[in-house]
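*Asks:* here you go, sequence then predicted model.
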Amino acid sequence: MKSFLYAILACVLLVACNSTKNNTVVEETKPIIDNDTINISNEALEYQIIIIEPGFSSWFATRAKPKGFYSQNYLENKNKLFVSAWNTRVLNPSQFDPNLYEMQINYDYGVDYGYDVNYKLYNYFIYFQLKYKQQLTGFIPRN
């Protein structure tokens, strides 16, 4: 019986000694983004969109398809659909969350905004739909 008590006491001491050991805890950290602002502009057309959306810069840098993946024509056609749906939602705050759809986008279908503007705008619409679980058109965005 004494040996049994000594065995239990030895186990308790071992467990107690292990509990005081400093364990290094590794915390998962997200990359720090100093500036979560994307500027979409075409100086020749005097056109500018500023997107201030937490998380968009890192998403854009890591998950957006590379430039050249889509044609400018494809991006323009998608942006026309997205902008139309967006502006409809801005004008219907009783049906759609006015905190999500705050301002209209003045996208003139007859203006050539260039590849860069269409590329960034398209990717913002994809990000927005994925993040806020919105579907602007029949097109279901995938990441």
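*Replies:* Received, thanks.
*Asks:* for the closest residue in space to Phe82 that isn't next to it in sequence, give its distance to Asn99.
*Replies:* Using C-beta to C-beta, 6 or more residues apart in numbering and skipping the chain neighbours, the partner closest in space to Phe82 is Phe125 (4.3 Å). Every C-beta, even on glycine, is put in place using the N, C-alpha and C of the backbone. Phe125 sits 17 Å away from Asn99, going by C-beta to C-beta, to the nearest Å.
*Asks:* out of these two, which sits in the more crowded spot?
*Replies:* Counted by other C-beta atoms under 10 Å, Phe125 and Asn99 do not tie: Phe125 has more neighbours, with 23 against 8.
*Asks:* tell me who's in contact with the more buried one.
*Replies:* Lys78, Asn79, Phe82, Trp86, Leu136, Pro141 (C-beta atoms under 8 Å, 6 or more residues apart in numbering).
*Asks:* how about stretch 54-70: buried residues?
*Replies:* By 16 or more other C-beta atoms under 10 Å, the buried positions in stretch 54-70 come out as Phe56, Ser57, Trp59, Phe60, Ala64, Tyr70.
*Asks:* which other helices and strands contact the helix or strand hosting the second one?
*Replies:* Going back to what we said before, that points to Ser57. Under the criterion of DSSP states H and E, Ser57 resides in helix 56-63. Secondary-structure packing of helix 56-63 (3 or more C-beta pairs under 8 Å, 6 or more residues apart in numbering; DSSP states H and E): strand 37-42, helix 115-132.
*Asks:* reformat those as JSON lines; add distance to Ile51 and mean pLDDT.
*Replies:* Output for the helices and strands packed on helix 56-63, formatted as JSON lines (distance: least, C-beta to C-beta, whole Å; pLDDT from 0 to 100):
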{"stretch": "strand 37-42", "distance to Ile51": "4", "mean pLDDT": "67"}
{"stretch": "helix 115-132", "distance to Ile51": "6", "mean pLDDT": "93"}
